[in-house]
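Chemist: sequence and predicted structure, then a few things I'm wondering about:
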Amino acid sequence: MARVYIENYGCARNRADGEMMAALLYLAGHELVNTPEDAEIVVVNSCAVKDPTERKIARKIKELIDAGKKVIVTGCLPHVNPDVIDERVSAILGVKSIDRITQAVEYALRGEKLISVPDWRKRNLDKLDFPRLSPRGVHFIVPIAEGCLNACTYCATRLARGVLKSYAPEKVVEWVKWALRQGYKEIWLSAEDTGCYGFDIGINLAKLLDEITAIEGEFRIRVGMMNPNHVIKFLDELIDSYSDEKVYKFLHLPVQSGDNEILRRMGRTYTVEEFEEIVKTFRRAFPDLNLHTDIIVGFPGESDEAFQRSVELIKRIRPDKVNVSRYSPRPGTIAARWKQLPGWLVKERSRIMHRIRLQISYEINREYIGKRVKVLVHGEGKKGNVDAVTMNYKHIILPQGEEGEFAEAKVKGATSTYLLGEIVS
């Protein structure tokens, strides 16, 4: 038996994969440790969505091996850019080979090497059949699908996760019920794109939400990122499902650019106007909507005018949060073959957009000062404070509070990233 540490990178979907591997290793009798220093074998559950993340992971793999650790690499990186993975690793598993993690550990202990990435598309894993070993706390991740239906010209994740495979709604519901029986209060519905959930099995996200909100008990549902081109197909139905008090009034709807020509080059298959229509419809139904969106700056072909249209869009719709990414070419993608913008220009556009989004976020959050809001306490945060979230998933820092408790708080202050408050009786 081995002492194993799992280091997860990337999205909630990837973290759920890490919890599945942890359960398989535990059931096989291996010891799961809390730090890489205590481990014989380190599983690096990788992400490959951005170039800086890829470089960070590649460095980490090398450092671990140099420190005498046996390393197993899983996640998206083996599919997207295997050339950056140190050849001294003990095993490489693809995203649909996580069921072979115990085999990989056994190989590593014998000094042999297991590579299970080729022909991965032929494997048809239903990951909701796997056990989970999740950290105690308030929230639990429930994957609802793997893969997507998009063909974005810049995205490498789809090269790793493949086409959409939605999990059966009854299995999703059973995992939610299980999580609630364990004491979790917050369910994260996770996928590469929750907006296209069920399109391959004759259902949609709204119907799934209706089944989950029908479960008895006081809990909340946080819906993961959804793309506009799918949401607009069942928008009214989704609004109805979101009306249930168990669904956080939180919407992560990436726009990526405020210019329709750039969206076309990105392969996004929706228009700025359609994105704005979705936002307006949601805000009419939920005035306190917490809107998150994503913007990529410096995409190949982005002119000064196109960038300015992105700036104007953000100023116009005023999202609560904007995730700003500098475009970086990813191996195997179409956009990587196009003429790239100079790095200095991409950085400058990123700085401009970042300043704008911080100002807007701060202005929005200041409007909460003096209000009373219902919160779910997540538990101890940084510097001895307590972290909680409002019912539209605004993070609020409190001086005290009981983990898992629903309470009322008064907002006393605000920053661009979180609120400050205290629980009131």
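Modeler: Yep, it's here. Numbering: from 1, shown residues only.

Chemist: which regions of the stretch 151-300 of the chain sit below the pLDDT cut-off?
Modeler: Within the stretch 151-300 of the chain, no range satisfies pLDDT under 70.

Chemist: strands of that one, start to end?
Modeler: Under the criterion DSSP state E, counting those that start in this stretch, the stretch 151-300 of the chain contains strands at 165-166, 186-190, 220-223, 250-252, 290-297.

Chemist: Serialize those strands to TSV and add fields for mean neighbour count.
Modeler: For the C-beta atoms, the positions are set from N, CA and C on the backbone; glycine is no exception. Shown next, in TSV, are those (neighbours: other Cβ atoms under 10 Å):
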stretch	mean neighbour count
strand 165-166	20
strand 186-190	22
strand 220-223	22
strand 250-252	23
strand 290-297	22
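
Chemist: okay, buried residues for stretch 35-55 please.
Modeler: Buried residues in stretch 35-55, counting neighbours by 16 or more other Cβ atoms under 10 Å, are found at 36, 39-51, 53-54.

Chemist: can you give me the helices in the stretch 1-150 of the chain?
Modeler: Ranges of helices within the stretch 1-150 of the chain are 12-27, 51-66, 77-80, 101-109, based on DSSP state H, counting those that start in this stretch.

Chemist: with the stretch 201-350 of the chain instead?
Modeler: Along the stretch 201-350 of the chain, the stretches classed as helices by DSSP H, counting those that start in this stretch are 205-213, 228-231, 235-242, 260-266, 272-285, 304-317, 343-366.

Chemist: which one of those helices lies closest to Ser134?
Modeler: Among the helices of the stretch 201-350 of the chain, helix 205-213 comes nearest to Ser134, with 17.9 Å by Cβ to Cβ.

Chemist: what packs against the closest one?
Modeler: Counting contacts by 3 or more Cβ pairs under 8 Å, 6 or more residues apart in numbering; DSSP states H and E, helix 205-213 packs against helix 169-181, strand 186-190, strand 220-223, helix 235-242.

Chemist: save the ones you listed as TSV, and put in distance to Val73 too.
Modeler: Shown next, in TSV, are the helices and strands packed on helix 205-213 (distance: least, Cβ to Cβ, whole Å):
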stretch	distance to Val73
helix 169-181	27
strand 186-190	22
strand 220-223	29
helix 235-242	37
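
Chemist: looking at those, which is nearest to Tyr362?
Modeler: Comparing the helices and strands packed on helix 205-213 under Cβ to Cβ, the one sitting nearest is strand 220-223, at 23.2 Å.

Chemist: give the other helices and strands that the closest one contacts.
Modeler: For strand 220-223, the packing partners by 3+ Cβ pairs under 8 Å, 6+ apart come out as strand 186-190, helix 205-213, strand 250-252.

Chemist: repeat that with 10 Å
Modeler: strand 139-143, strand 186-190, helix 205-213, helix 235-242, strand 250-252 (3 or more Cβ pairs under 10 Å, 6 or more residues apart in numbering; DSSP states H and E).

Chemist: quick one on the thing from earlier: out of the strands of the stretch 151-300 of the chain, which is closest to Leu420?
Modeler: Closest approach to Leu420 among these (Cβ to Cβ): strand 290-297, 16.7 Å.

Chemist: and the angle for that closest one with helix 304-317?
Modeler: 170 degrees (axes from the mean of the first three to the mean of the last three Cα atoms, to 10 degrees).

Chemist: re the thing from before, which of the helices of the stretch 201-350 of the chain sits most buried?
Modeler: For these, the largest average neighbour count (mean count of other Cβ atoms under 10 Å) is found in helix 228-231, namely a mean of 23.

Chemist: check the offset of that one from the chain's centre.
Modeler: Distance of helix 228-231 from the chain centroid (Cα atoms, centre = their mean, to the nearest Å) equals 17 Å.

Chemist: still on that earlier bit, want to throw the helices of the stretch 1-150 of the chain into a markdown table with mean pLDDT and distance to Thr293?
Modeler: What follows is these, written out as a markdown table (pLDDT from 0 to 100; distance: least, Cβ to Cβ, whole Å):
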| stretch | mean pLDDT | distance to Thr293 |
| --- | --- | --- |
| helix 12-27 | 93 | 18 |
| helix 51-66 | 91 | 20 |
| helix 77-80 | 86 | 24 |
| helix 101-109 | 92 | 35 |
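
Chemist: which of those sits closest to Val163?
Modeler: Closest to Val163 of the helices of the stretch 1-150 of the chain, according to Cβ to Cβ: helix 77-80, at 13.6 Å.

Chemist: so what touches that closest one?
Modeler: For helix 77-80, the surrounding residues in contact (Cβ atoms under 10 Å, 6 or more residues apart in numbering) are 9-10, 44-49, 53-54, 57-58, 61, 84-85, 89, 91-97, 115-117, 120-121, 155-162, 330-333.

Chemist: can you tell me which of the helices and strands packed on helix 205-213 is nearest to Glu276?
Modeler: With Cβ to Cβ, the closest approach to Glu276 among these belongs to helix 235-242: 12.5 Å.

Chemist: which elements pack onto the closest one?
Modeler: Under the contact criterion of 3+ Cβ pairs under 10 Å, 6+ apart, helix 235-242 touches helix 205-213, strand 220-223, helix 228-231, strand 250-252, helix 272-285.

Chemist: for the nearest residue to Gln340 once chain neighbours are set aside, give me its contacts.
Modeler: The shortest distance from Gln340 to any non-neighbouring residue, by Cβ to Cβ, 6 or more residues apart in numbering, is to Pro300 (5.9 Å). Pro300 is in contact with 153-154, 262, 265-266, 327, 329, 334-341, counting by Cβ under 10 Å, 6+ apart.

Chemist: measure Gly111 to Ala91 for me?
Modeler: Separation of Gly111 from Ala91 (Cβ to Cβ, to the nearest Å): 12 Å.

Chemist: again but with Arg283, I slipped
Modeler: Between Arg283 and Ala91 the computed distance is 48 Å (Cβ to Cβ).

Chemist: hang on, Ile369 packs against Gly421?
Modeler: Yes - Ile369 lies in contact with Gly421 (Cβ atoms under 10 Å); the separation is 9.0 Å.

Chemist: looking at these two, which is more packed in?
Modeler: Between Ile369 and Gly421, counted using other Cβ atoms under 10 Å, the more crowded position is Gly421 (26 against 14).

Chemist: ok but the more buried one is inside a strand, no?
Modeler: Yes - counting by DSSP: H, G, I helix; E, B strand; the rest coil, Gly421 is found in a strand.

Chemist: bridged to it, which residues?
Modeler: Legend: beta-bridge partners of Gly421 under DSSP bridges are Val411.

Chemist: how about the contacts made by it?
Modeler: 368-369, 371-373, 375, 388, 390, 396-399, 401, 408-414.

Chemist: at 6 Å instead, please
Modeler: Applying Cβ atoms under 6 Å, 6 or more residues apart in numbering, we find Gly421 in contact with 396, 398, 409-412.
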